[in-house]
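Student: Have a look; sequence and predicted model below, questions after that.
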Amino acid sequence: MSSASRWASAVAALSLLGLAHAAAAEPVRCVKQSQAHRVALVELYTSEGCSSCPPADRWLGELSQRFSDEQLLALSLHVDYWDYIGWQDPFAQPRFAERQRWLTSLAAASTIYTPEVFTNMKETRGWHQHAPFAAQVEAINRLPAAAEITLQMQKAGDTALDLEARFSLRKGFRSGRTAEAIVVVFENELRSDVRAGENRGARLQHQRVVRYWSTAIALSAPDTQTVWRQTVKLPAGWQREKLGLAAFVQDPQAGEVLQAIAMTGCAGQQSAGGINS
């Protein structure tokens, strides 16, 4: 081989190496499409200041072993109204208590408490009984989805995530009704050493803890796509590799969930710019 040929081969090899290195540095772009059937939305209202909540927290964490993401979306929403007894729940947000009160009002009730579970916006008092709860989830799964959701997530530098969600209502959604969507970032494998309050001295573990909750996204008429995009900055202490993205569509007038979706295992990855669904 001539020196000119060797030089050309070396340049080509270096170029390919540079391209491969650049591709390897690109973040994973995770994309997931919702199911044709309806996925159940399970909301646990809980608090680290509540002595009866740890068993419910464990129950929620075990749901992923009994049900797939294609069956249910489980979320843990920490409320702040127990903070006054001496321990401030680090995961609590006032908006979660507001939502709990709203869900309670839809059922014409007036009392909120922890732990409280709602399944597709309906209070579920028998959540700890496996067979009735499983039957409730299966009944929801047999319904056709009334909305379609597509989620996309990828890293935006070292301290943020680029999120995108696309929503559309399916034909047949009742005209004259309004629908809205919520996008959620949740975190798994959180731990706290509680130093005051009813759980003083306990080490608590949590799964599916809601860390980010979007404002309500108004949806247009059926078959019209609504696109939502947001760059979410990650506060110090968030475990990027433990984060997941979720969304759901609700009919606030009927108190009904039209569809829900969850996507995990993406936020901490790096790869050659591929799609992980």
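Tutor: Right, received. Where do you want to start?
Student: From here on, just use CA atoms for contacts and neighbour counts.
Tutor: Will do.
Student: Quick one: the strands in the stretch 101-250 of the chain, in order.
Tutor: 116-119, 122-123, 147-155, 160-169, 180-187, 190-193, 203-206, 209-213, 217-218, 226-233, 243-251 (DSSP state E, counting those that start in this stretch).
Student: could you redo the ones you listed as JSON lines and give each row mean pLDDT?
Tutor: Output for the strands of the stretch 101-250 of the chain, formatted as JSON lines (pLDDT from 0 to 100):
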{"stretch": "strand 116-119", "mean pLDDT": "98"}
{"stretch": "strand 122-123", "mean pLDDT": "96"}
{"stretch": "strand 147-155", "mean pLDDT": "96"}
{"stretch": "strand 160-169", "mean pLDDT": "97"}
{"stretch": "strand 180-187", "mean pLDDT": "98"}
{"stretch": "strand 190-193", "mean pLDDT": "96"}
{"stretch": "strand 203-206", "mean pLDDT": "97"}
{"stretch": "strand 209-213", "mean pLDDT": "98"}
{"stretch": "strand 217-218", "mean pLDDT": "96"}
{"stretch": "strand 226-233", "mean pLDDT": "97"}
{"stretch": "strand 243-251", "mean pLDDT": "97"}
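Student: These: which one's closest to residue 83?
Tutor: strand 190-193 (14.7 Å; Cα to Cα).
Student: Against residue 193, how distant is the most centrally placed residue in the chain?
Tutor: By Cα atoms, centre = their mean, the mean C-alpha position of the chain lies nearest to residue 246, the distance being 3.1 Å. In this view, residue 246 and residue 193 are 27 Å apart by Cα to Cα, to the nearest Å.
Student: okay if I get the strands of the stretch 101-250 of the chain as CSV plus distance to residue 36?
Tutor: Converted to CSV, the strands of the stretch 101-250 of the chain look like this (distance: least, Cα to Cα, whole Å):
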stretch, distance to residue 36
strand 116-119, 19
strand 122-123, 22
strand 147-155, 8
strand 160-169, 12
strand 180-187, 17
strand 190-193, 32
strand 203-206, 30
strand 209-213, 25
strand 217-218, 22
strand 226-233, 18
strand 243-251, 14
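Student: Which among those strands is found nearest to residue 91?
Tutor: strand 209-213 (7.2 Å).
Student: Which parts of the stretch 1-150 of the chain are helices?
Tutor: 3-25, 54-66, 94-106, 130-141 (DSSP state H, counting those that start in this stretch).
Student: what angle sits between the third one and strand 209-213?
Tutor: Angle, helix 94-106 to strand 209-213, by axes from the mean of the first three to the mean of the last three Cα atoms, to 10 degrees: 90 degrees.
Student: For residue 111, give its distance to residue 53.
Tutor: With Cα to Cα as the criterion, residue 111 and residue 53 are 17 Å apart.
Student: quick one, which of the two is more surrounded?
Tutor: residue 53 (20 against 9; other Cα atoms under 10 Å).
Student: so what's that one up against?
Tutor: 46-47, 114-115 (Cα atoms under 8 Å, 6 or more residues apart in numbering).
Student: How about residue 59?
Tutor: residue 128 are the contacts of residue 59 under Cα under 8 Å, 6+ apart.
Student: Ignoring the adjacent residues along the chain, who's closest to residue 156?
Tutor: residue 162 (5.7 Å; Cα to Cα, 6 or more residues apart in numbering).
Student: wait, that neighbour sits on residue 245?
Tutor: No. Residue 162 lies out of contact with residue 245 (Cα atoms under 8 Å); the separation is 10.9 Å.
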